[in-house]
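> Make a model of this:
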Amino acid sequence: MSNSDLTVRVEGRVGYITLTRAKVLNAVNHTIVSVMTEALARWANDPQIAMVLVDSDSERAFSAGGDLSAMYHYGKTGEYEAGNAFWREEYRLNAMISRYPKPYVAFMDGIVMGGGVGLSAHGSHRIVTEHSVVAMPEASIGLITDVGGTYLLHQAPGHLGEYLGLTATRMNGADAIYARMADYLVPRERLGELKAQLIATGDVREIEKVTATDIVSPLAALQPQVDACFSAPSIQDIRSRLSGIAEEWAHKAEEAISRASPISLLAILAAVRKANTLEAALRHEYRFVSRVLEHGDFVEGIRAVIIDKDKNPQWRYKRVEDVPQSLLELFAREAEGGDPAF
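Residues are numbered from 1 along each chain as shown. Reported below is the predicted structural model:
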């Protein structure tokens with residue numbers, strides 16, 4: 001099947017999904033989530049399907065995240081349950097991908113952020129290229145790192161997860177592998193060849209034949225300093241340690257934190273540090289997002305970045321010190337009607 005959002009087909013022994021919303025950088029919407037969920041469920045027990053391939057028809061982006069325009073509409077009109085229903089379905093798809101019984105090969109070429117990470121980085125075989133840009137930018141738009149992202153960041157070496165989540169730092173392909181959010185770096189020029197071989201053979205070992213081995217992660221060199229700063233117990237302490245480092249990366253990190261939503265910063269730091277399992281991470285993330293349209297900074301963050309594009313969000317609280325503990329407790333409380341199963 002195909003529509004304007006994605007195509008789903010079988011080629012050889014491969015169940016093949018391609019995102020086709022190139023004009024909006026393959027923003028993840030309800031159609032993508034529901035169609036992917038149905039296809040994966042159908043292929044899971046089909047003996048003719050050896051693996052699943054997921055890619056994009058655009059070299060610019062695999063997926064730059066969720067459909068923020070739709071969420072802005074839900075927030076402005078008070079349709080909170082419509083937003084929550086989408087998040088429940090999306091998170092269940094993320095969990096399905098992580099538990100999928102067959103190889104799930106994700107081509108993370110171009111921009112891969114937010115919801116795009118959820119469709120790819122939970123897979124069993126995650127391929128980046130020299131053009132990959134991977135990030136979790138939720139703090140900058142008043143959300144929490146979600147789609148199971150707090151679990152992914154929890155798995156990163158040392159305190160790299162806190163750094164990536166709080167600063168929305170963009171990783172290249174080698175960095176994404178170092179951060180344990182990808183597995184293989186394949187030159188873009190060889191992706192077509194690789195896909196053809198996977199379709200012809202149904203054998204994921206074909207990936208290793210075209211994988212680059214001489215890759216260097218700039219992020220790896222920063223690990224000791226990142227750990228020294230982001231092991232601090234609070235946002236204030238992290239910023240204080242960053243201010244004592246006279247290097248560009250630290251200055252950029254401190255600046256990014258200073259611009260982010262104070263509510264989001266506090267929620268992300270706590271969530272990344274306790275995300276021991278994907279299921280627990282998704283549950284905690286859902287508790288936050290199910291209330292964020294009404295009680296958080298997300299609507300204002302979308303306005304500043306997507307709607308008015310003034311890049312000057314007016315957060316509810318100026319400093320993390322100003323965020324009431326009672327609000328943080330509300331975001332962490334069991335979801336209304338009970339926590340969904342993921």
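> List the residues that contact R170.
The neighbourhood of R170, defined by C-beta atoms under 8 Å, 6 or more residues apart in numbering, consists of 133-135. Every residue, glycine included, has its C-beta placed from N, CA and C.
> Give me the subset of these lying in helices.
Of those, none are assigned to helices by DSSP state H.
> Of those residues, which count as buried by neighbour count?
133-135 (16 or more other C-beta atoms under 10 Å).
> got those residues as JSON lines, with pLDDT and distance to D310 columns?
Formatted as JSON lines, these follow (pLDDT from 0 to 100; distance: C-beta to C-beta, whole Å):
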{"residue": "V133", "pLDDT": "98", "distance to D310": "24"}
{"residue": "V134", "pLDDT": "98", "distance to D310": "27"}
{"residue": "A135", "pLDDT": "98", "distance to D310": "21"}
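> What distance do you get for T201 to G123?
19 Å (C-beta to C-beta, to the nearest Å).
> Please read the previous query as pertaining to E90.
As for E90, its distance to G123 is 15 Å (criterion: C-beta to C-beta).
> Next: M36.
Taking C-beta to C-beta, one finds M36 at 12 Å from G123.
> Name the residues contacting each of those two.
Joint contacts of M36 and G123 (C-beta under 8 Å, 6+ apart) are V54.
> which intervals of this structure have sub-threshold pLDDT?
Residues of the chain that meet the criterion pLDDT under 70 lie in 1-2.
> What about Q225, how many residues nearby?
17 (other C-beta atoms under 10 Å).
> isn't it right next to A246, touching?
No - with contact defined as C-beta atoms under 8 Å, Q225 does not reach A246; the gap is 11.4 Å.
> packing partners for the host helix or strand of S264?
Using DSSP states H and E, S264 falls within helix 262-274. The helices and strands touching helix 262-274, judged by 3 or more C-beta pairs under 8 Å, 6 or more residues apart in numbering; DSSP states H and E, are helix 149-154, helix 160-167, helix 235-243, helix 278-295, helix 325-332.
> How about S264: what's its closest non-neighbour residue?
A139 (4.5 Å; C-beta to C-beta, 6 or more residues apart in numbering).
> What distance do you get for the one you found to D146?
From A139 over to D146 the distance is 11 Å, taken as C-beta to C-beta.
> Enumerate every residue touching G115.
G115 is in contact with 27-28, 63, 65-66, 90, 147, counting by C-beta under 8 Å, 6+ apart.
> ranking those residues by neighbours, who comes first?
Neighbour-wise, the contacts of G115 (other C-beta under 10 Å) top out at V147, 31 neighbours.
> Skip the chain neighbours and tell me the closest residue to it.
Per C-beta to C-beta, 6+ apart, closest to V147 is G118, 2.8 Å.
> now swap in R190 and tell me
V210 (4.7 Å).
> what about that neighbour, neighbour count?
Using other C-beta under 10 Å, V210 is surrounded by 17 other residues.
> Now do the contacts for it.
Residues counted as contacts of V210 (C-beta under 8 Å, 6+ apart) are 186-187, 190, 193-194.
> For E334, see how far away it is.
Distance, V210 to E334, using C-beta to C-beta: 47 Å.
> And R205, how far from H125?
Distance from R205 to H125, counting by C-beta to C-beta: 10 Å.
> Tell me which of these two has more neighbours.
Applying other C-beta under 10 Å to R205 and H125 shows that H125 carries more neighbours, namely 18 against 9.
> Can you tell me the closest non-neighbouring residue to that one?
V105 (4.4 Å).
> hey, what's the one you found bridged with?
Bridge pairing for V105 (DSSP bridges) gives the partners L53, H125.
> Is it in contact with I17, as I believe?
No - in this structure, V105 is not within contact of I17 by C-beta under 8 Å, at 10.5 Å.
> that older thread, what's around the residue nearest to V147, how many residues?
28.
> ok, now the one 5 residues further on?
For G123, the tally of surrounding residues (other C-beta under 10 Å) stands at 22.
> Got phi/psi on the residue nearest to S264?
phi -60, psi -30 (degrees, to the nearest 10).
> Quick one: neighbours of R316, just the number.
R316 is flanked by 17 other residues according to other C-beta under 10 Å.
> between the buried ones among the contacts of R170, which is closest to V10?
V134 (28.7 Å; C-beta to C-beta).
> Beta-bridge partners for that closest one, please?
Bridge pairing for V134 - DSSP bridges - gives V112, M171.
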